[in-house]
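K.L.:
Here is a sequence together with a model predicted from it:
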Amino acid sequence: MQSEDEEFPIEVIALSDFTGNGSDQLAFANGDRLLVHAKPSSDWWWAELSGVIGYIPASHVCPGGATEEDTSMPDPWQDEEYFDSYGTLKLHLEMLADRSRTEAYRQVIISNSASLKDKVMMDLGCGTGIISLFCAQLAQPSMVYAVEASSMAEYTKKLVKQNNCEEVVSVLQGRAEEIELPGQVDVLVSEWMGNCLLFEFMVESVLLARDRWLKEGGVMWPSSAALTLVPCQADSYFSEKMHFWERPYGLDFTPLQSLAQQEFFTKPKFSYLIDPTDCLSTPCDVIQLDMYTLQVKDLEEMHGHFQFWIDRSGTFHGFTAWFNVDFKSMEPGGTAVQLDTGPHSEPTHWKQTLFMSDRPVSVHEGDSISGSIVLHRNPVWRRHMTVSLHWNINSSSKDASSCQAGTKSFPMWR
Ligand code: GJV
């Protein structure tokens, strides 16, 4: 948001190319110097390049500074901010209090306890060390390396001692990319999943640790992951943000509706709990990750396709997404443990993510919605991504079969 002490114009340098949409957005190329005249929102700034004016995405530029020597580039991983946030209890409390999540990991350890005997494990991003402590308490691994980059690691060491696990659990404070271990591990366990599965891109750290520290034939937990999508109705959210302007206090506030659309529906809504009855179709996995074969470069752009059959008439407002992960069993004949964060399971702290389309459409039983999803990792801000959805609504009504297309890209967050 506009801060009071800023003096416009401000010079900024483009960190990557940006095409713009032609109408009110300004196209620029990596390295261009632009003049920012105003910051109407934190994401879109009003700027000028060679006499042309338009909106630019704040995420694609960095402060210019007066001199060429000023090369203090912001950290594209925002690690300081990221690990600082995990140095306080707020997020750890949220994760530990999430019983579905924490119990799923505990169940994985319990149901594999025989196979874990004498194994060497790594718990990547151990936080307060809960998974490592489960391992030491419920199985007999020879060693668990509990890796944690934030300052929480100091407390994790105390918790390990307090619970008499210091012979088995060794807390290593540092980034998983930088720590050194005496040797490779048999099992790499981590709770790395973010909103819409990939947000935060902690998965990259897990893949790098896998390639460096997992023994040939070692086990990854989770072993696979999937992003799930469903077309949905979101009546109350839509009314709360859009219908509101139609007649507040007997007045016509509809000129604010396009602004409301921009403000409330441009980004996905995190922490959304979809009522199962608002699912207009059977959900479907659109992107699947195999944690043994997935490569860091695959994360740049992930594509998925869908075809939904509408099984109840209603209003299509957009799509809701969530994820599930599988932990394969190490026991002969054992069954996998699953953690499902969808509306048909116990709610988790991730809840679900809502993507609102720009225009509600009536749909009927028998219609279909087909299309594709792309998760495009931000080329500059490595923990962020844009989710693009394209869809066709194929109506099957007797009198006239019709097709309506929609497309929308959602930044998360940059
Ligand atoms: N190295 C060490 N610790 C990490 C790393 C890393 N590369 N990345 C994240 N963490 N499921 N989205 C730690 C972070 O400090 C925090 O305590 C925990 O892993 C995040 C786990 C939940 N986040 C998630």
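P.N.:
Structure received.
K.L.:
CA only for contacts and neighbour counts going forward, please
P.N.:
Fine.
K.L.:
residue boundaries of the helices in this protein?
P.N.:
79-85, 89-97, 99-111, 113-116, 130-138, 152-162, 203-213, 235-241, 257-265 (DSSP state H).
K.L.:
so what does the second one touch, helix or strand wise?
P.N.:
In other words, helix 89-97. The contact analysis (3 or more CA pairs under 8 Å, 6 or more residues apart in numbering; DSSP states H and E) places helix 89-97 against helix 99-111.
K.L.:
which residue packs closest to the residue of the chain found nearest the ligand, ignoring adjacent ones?
P.N.:
In the chain, no residue comes nearer to the ligand than residue 125, which is 3.1 Å away by CA to the nearest ligand atom. Closest residue to residue 125 apart from its sequence neighbours, by CA to CA, 6 or more residues apart in numbering: residue 148 at 4.7 Å.
K.L.:
can you pull the contacts of that neighbour?
P.N.:
124-127, 171-176 (CA atoms under 8 Å, 6 or more residues apart in numbering).
K.L.:
one more time with 6 Å, if that's ok
P.N.:
Contacts for residue 148 (CA atoms under 6 Å, 6 or more residues apart in numbering) come out as 125-126, 173-174.
K.L.:
cool, and residue 47?
P.N.:
Here residue 47 is in contact with 35-37, 53-54 (CA under 6 Å, 6+ apart).
K.L.:
ok so, going back, surely the residue of the chain closest to the ligand and residue 145 touch.
P.N.:
No. Using CA atoms under 6 Å, residue 125 is not in contact with residue 145, being 10.3 Å away.
K.L.:
Tell me which of those two has more neighbours.
P.N.:
A direct count of neighbours by other CA atoms under 10 Å for residue 125 and residue 145 places residue 125 higher, at 26 against 20.
K.L.:
where's residue 371 relative to residue 405, distance?
P.N.:
As judged by CA to CA, to the nearest Å, residue 371 and residue 405 stand 9 Å apart.
K.L.:
Surely residue 146 is in contact with residue 123?
P.N.:
Yes. The criterion here is CA under 6 Å, and residue 146 meets it with residue 123 at 4.8 Å.
K.L.:
Who has more neighbours out of those two?
P.N.:
Using other CA under 10 Å as the criterion, residue 146 and residue 123 rank with residue 146 on top: 29 against 26.
K.L.:
if we can go back for a sec, inside strands: which ones of the contacts of residue 148?
P.N.:
residue 173 (DSSP state E).
K.L.:
which stretches of the protein have low pLDDT?
P.N.:
1-5, 22, 65-72, 398-400 (pLDDT under 70).
K.L.:
thinking again about what came up before, which residues are common contacts for residue 371 and residue 405?
P.N.:
Common neighbours of residue 371 and residue 405, using CA under 6 Å, 6+ apart, are residue 391.
K.L.:
Would you quantify the distance from the residue nearest to residue 125 to residue 128?
P.N.:
Distance, residue 148 to residue 128, by CA to CA: 9 Å.
K.L.:
Residue 60 and residue 12 touch, don't they?
P.N.:
No. Residue 60 lies out of contact with residue 12 (CA under 6 Å); the separation is 9.7 Å.
K.L.:
ok so, going back, spatially, which two of the contacts of residue 148 are the most separated?
P.N.:
Taking CA to CA as the measure, those span a maximum distance of 11.1 Å, between 126 and 174.
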